[in-house]
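[1] Return a 3D structure for these sequence lines:
(chains A and B)
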Amino acid sequence: MAKKDLRTYRGMRDFLPGQMRRRDYVFSVLREVFEAHGFEKIETPAIELWEVLSGKYGEEEKLIYRFKDRKGREVGLRYDLTVPLARFVAQHRSELVFPFKRYQMERVWRADRPQKGRFREFYQCDVDIVGTSSLLADAEIVFIIYHALRRLGFEKFLIRINNRKLIAALHRRLGEGDEFSLARAMDKFDKIGAQGVREELLSRGFSPRAAELVLKSMGLSSLEQARSFFGDEEGVKELEELFSYIRAMGIPGDFYSYDPTLARGLDYYTGPIFETVVEEPKIGSITGGGRYDGLIGSFAGMDIPATGTSLGVERIIAVMEELDMFPSEIPPPAHVLIAHFPDTKEEALKLASRLLASGIRVDVYSGDKGLRAQLGYAADKGIPLVAIVGEEIKKGEVSLKDLKSGNQQRMGVDSLEKYIKGLYYSDFK
RNA sequence: GUGAGCGUAGCUCAAUGGUAGAGCAUUGGACUGUGGAUCCAAGGGUUGGGGGUUCAAAUCCCCUCGCUCACCCCA
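    I've put the predicted structure just below:
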């Protein structure tokens, strides 16, 4: 028989128990933060009809996994969670409470070429507020990005903020070229610098005079300068209002800033846009989002404004791995292993049942090897305590071994229960 | 889509044109009440695949597939 190819499909991965525990930790922190802000969780299908997905992503549409089902219907795997949300809101708008604040943590798929921190199947966490054009909503999105990253232990990051309307205004003032082409060139500033952007613009057919004006706009380092450059533009007024809300929320000034070079790649953004970057390690942005007032309306046939962000959990996890940011006290798979001998199996099960009933996380050794192997099993799995159920059980006692210290003591079943609860279950009195 | 680097046992890697090996993992034993152990033994390979050069190829050349990284773009 031919040997099987022991590989996962390109850009897709398995998660081992140890990784999974760290991933779940990140998801649970995010979940807590979202729910603390009054957001509710929803889910949508992995597969959407092609007509839902098509025409929403511009150039990136070619990265959608697209295929025909058995009856020849055109479908695709969702590329992000925003377009499915738009479909969801249009479909269920009579059942939702607006402004609708929802979060979602699900897989998306992109037929991209994988590289560091980038996969073909990955999780995204999206938080969005649908049904209001108030900038309070945009401010809350920025607030939640800040909270989430702080709660995960990030001490240094920058939420870059700009407004698509200012790029449009700049484009109007140039009076030449394509707005999207302009945005692309500006967005590269971080990587290629001012001179690089100038060359990029010229090669995209912009005149030297236009390039000068663009470079000048990218040199704006504050909203005050933006106001004197753009005048009383709507985009400037929006950012001023947004920043006043952000200040009111108490986010320290070094975590966010106006950034005229931020453009964002996707077609559907219409107002304020945000993106978070970390300096170390170099991994690109870890969140990205903005206001997209036209998208849902394109499904609903009526104007439904919306704003939100995607948190790049995969990159967030990658950064946390690289910087060793996970707390050491991520819970072990169980707090106690019940070890046993051939003639104490029933007693072991009774003990396990009792501990489980009192809320303790218990692993009963489910093999048939000796005590040596059972201790090794607990050590390998990171279980801190081993309750050895041997002859002493006849007197109602077990031997409890602490694997970290190596200490062992005999105790009655009652005190065992109290001991473990006192150690690991802080709300126990 | 473009470019570069790399493909040897399940994993990490040796073997510089001359007999394909080690560690870890797996299985059995020493060993039926005390932990990531030690010792012994075993299994495991068309050296990614195909072609070429050579007396001789894991090693050199060509093609192909795969992986990684970077670019494009993006989380």
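
[2] Next to RNA strand B, which bits of the stretch 101-250 of chain A? Give me the list.
    Contact residues (C-beta under 7 Å from any atom of the strand) of the stretch 101-250 of chain A with RNA strand B: A:110, A:112-120, A:122, A:124, A:184, A:187-188, A:191-192. All C-beta atoms are positioned from the backbone trio N, CA, C, and that covers glycine.

[3] Repeat the analysis, applying 10 Å as the threshold.
    Within reach of RNA strand B by C-beta under 10 Å from any atom of the strand, the stretch 101-250 of chain A has these residues: A:108-126, A:180-181, A:183-185, A:187-188, A:190-192, A:196, A:200, A:204.

[4] Need the buried ones from those residues selected in PyMOL.
    Entered in PyMOL, the line below selects the buried ones among these, by 16 or more other C-beta atoms under 10 Å:
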select buried, chain A and resi 108+109+110+117+118+119+120+121+122+123+124+125+126+183+184+185+187+200
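
[5] In strands, which of the residues of the stretch 101-250 of chain A next to RNA strand B fall?
    Among these, the residues falling in strands (DSSP state E) are A:108-109, A:121-126.

[6] Report the separation between A:Lys68 and A:Arg372.
    Separation of A:Lys68 from A:Arg372 (C-beta to C-beta, to the nearest Å): 57 Å.

[7] Could I get the ones in strands among the residues of the stretch 101-250 of chain A next to RNA strand B in a markdown table, plus columns for pLDDT?
    Below are these laid out as a markdown table (pLDDT from 0 to 100):
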| residue | pLDDT |
| --- | --- |
| A:Val108 | 94 |
| A:Trp109 | 94 |
| A:Glu121 | 93 |
| A:Phe122 | 93 |
| A:Tyr123 | 93 |
| A:Gln124 | 92 |
| A:Cys125 | 94 |
| A:Asp126 | 96 |
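
[8] Show me which of the residues you listed is closest to A:Pro260.
    Set against A:Pro260, the nearest of those by C-beta to C-beta is A:Asp126 (25.9 Å).

[9] care to break chain A down by domain?
    For chain A, the structural domains run A:17-322, A:336-424, going by automatic domain parsing.

[10] want to throw these into TSV with distance to A:Ile330?
    Shown next, in TSV, are those (distance: least, C-beta to C-beta, whole Å):
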stretch	distance to A:Ile330
domain A:17-322	5
domain A:336-424	10
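
[11] Out of the ones in strands among the residues of the stretch 101-250 of chain A next to RNA strand B, the closest to RNA strand B would be?
    Nearest to RNA strand B among these is A:Phe122, at 4.3 Å by C-beta to the nearest atom of the strand.

[12] does the closest one have beta-bridge partners, and which?
    Listed beta-bridge partners, A:Phe122: A:Val108 (assigned using DSSP bridges).

[13] Pull the contacting residues for it.
    Going by C-beta atoms under 8 Å, 6 or more residues apart in numbering, A:Phe122 touches A:107-108, A:110, A:313-314.

[14] What of A:Tyr419?
    Applying C-beta under 8 Å, 6+ apart, the residues near A:Tyr419 are A:400, A:411.

[15] Please give the element, helix or strand, for it.
    helix A:413-424 (DSSP states H and E).

[16] what is the mean pLDDT for that helix?
    For helix A:413-424, mean pLDDT is 92.

[17] cool, and stretch A:7-19?
    84.

[18] what does stretch A:259-273 give?
    Throughout stretch A:259-273, pLDDT has a mean value of 85.

[19] what does stretch A:62-75 give?
    Stretch A:62-75 shows a mean pLDDT of 92.

[20] How about stretch A:86-100?
    For stretch A:86-100, mean pLDDT is 94.

[21] hey, where'd the strands end up in the stretch 101-250 of chain A?
    A:121-130, A:158-163 (DSSP state E, counting those that start in this stretch).

[22] Now distance to A:Gly76 too, for those, in CSV please.
    Formatted as CSV, the strands of the stretch 101-250 of chain A follow (distance: least, C-beta to C-beta, whole Å):
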stretch, distance to A:Gly76
strand A:121-130, 14
strand A:158-163, 30
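
[23] and of these, who's closest to A:Gly11?
    Of those, nearest to A:Gly11 by C-beta to C-beta is strand A:121-130, at 6.6 Å.
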